[in-house]
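> sequence plus predicted model, see below.
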Amino acid sequence: MESNVLTSSDVSTIFLVYIDNHSRRKISVNVNFIDSSECYLSSSILPQFEKPKQNIPADIMVCTPTGIFKAKTTLQDVTVNLNNIIYKLIVPQNWNFSQLRRSTRVQSSLSFNVKYNDGFEIGGNTYDVSLGGISFLANTRINSIYKKLKGVIKIQVPVDASDNPSVRNVECTCSYVRENENFKDNKTLVIYKFEYLTDAQQAALKNYLVLASQNIY
């Protein structure tokens, strides 16, 4: 894969990951300059940042709407100035791509709420999430009447991978799919599917799943 992975128009986030002094750093970066052999990435000034050693191994993760490109490189040097931090790296020549499919389910605990027209509500945290819907663990089975009705689901989706990520409420129509009894700890796994997600809602959900599927959150 060529270096244009880093400068592609559909890149949402780039992460630089390295270990220095037995501490793992994961930093969101932007591309400042790139040619066939080296590139300069930048980040904002980070609290308690310590300049790493020269020429240490590093990983680059390039997040796109369909998946993540990963590559190994060498972090040659780091320069800290008043406005930002500059990372000089060797341009990776080989990239691995992990694709996010619509059927991909990511085990993830996100706050959600399902509300029906009669006021009945179901809430808690998800067990897993996909582009198609969610599952959650319940102590009791869903009443049969609500298996036939459509509800409105609101799910809190992180929109970045910082230490304090902002959250977007994704809200749409949903419907019951099925239950698996005694799934875990004698609880029932309940599955609901999303309906009529907007393009913006799909993009927010997809961006989260791309990152979460690679354990970036």
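It's in. Numbers count the residues shown, from 1 in each chain.

> got a list of what the residue nearest to Lys53 when sequence neighbours are not counted touches?
Distances taken as CB to CB, 6 or more residues apart in numbering place Asp20 nearest to Lys53, at 6.1 Å, with adjacent residues excluded. (Glycine included, C-beta is placed from N, CA and C.) Asp20 makes contact with 50, 52-53, 56, according to CB atoms under 8 Å, 6 or more residues apart in numbering.

> now do Gln202
Leu131.

> which strand or helix spans it?
helix 199-212 (DSSP states H and E).

> check Gln76 too.
strand 67-80.

> for that strand, name the packing helices and strands.
strand 56-64, strand 84-90, strand 96-99, helix 199-212 (3 or more CB pairs under 8 Å, 6 or more residues apart in numbering; DSSP states H and E).

> helices or strands up against the third one?
I take that to be strand 96-99. So strand 96-99, by 3+ CB pairs under 8 Å, 6+ apart, packs with strand 67-80.

> what mean pLDDT does the longest strand seen in the chain have?
Longest strand in the chain, counting residues (DSSP state E): strand 167-184. For strand 167-184, the mean per-residue pLDDT is 89.

> partner strands of that strand and their direction?
strand 150-158 (antiparallel), strand 187-195 (antiparallel) (DSSP bridges).

> now those as a markdown table including mean neighbour count?
A markdown table is the format used below for these (neighbours: other CB atoms under 10 Å):
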| stretch | mean neighbour count |
| --- | --- |
| strand 150-158 | 18 |
| strand 187-195 | 18 |
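
> mind checking which of these is nearest Trp95?
Nearest to Trp95 among the strands paired with strand 167-184 is strand 150-158; the distance by CB to CB comes to 25.3 Å.

> report the angle between the axes of that closest one and helix 199-212?
50 degrees (axes from the mean of the first three to the mean of the last three CA atoms, to 10 degrees).

> what residues does strand 150-158 touch?
110-116, 122, 126, 129, 134, 165-175, 192, 194-195, 204-205, 208, 217.

> which among those count as buried?
110, 112-115, 122, 126, 129, 134, 168, 170, 172, 174-175, 192, 194, 204-205, 208 (16 or more other CB atoms under 10 Å).

> dump the strands paired with strand 167-184 to a markdown table, plus mean pLDDT and distance to Ala212.
Output for the strands paired with strand 167-184, formatted as a markdown table (pLDDT from 0 to 100; distance: least, CB to CB, whole Å):
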| stretch | mean pLDDT | distance to Ala212 |
| --- | --- | --- |
| strand 150-158 | 94 | 8 |
| strand 187-195 | 93 | 16 |
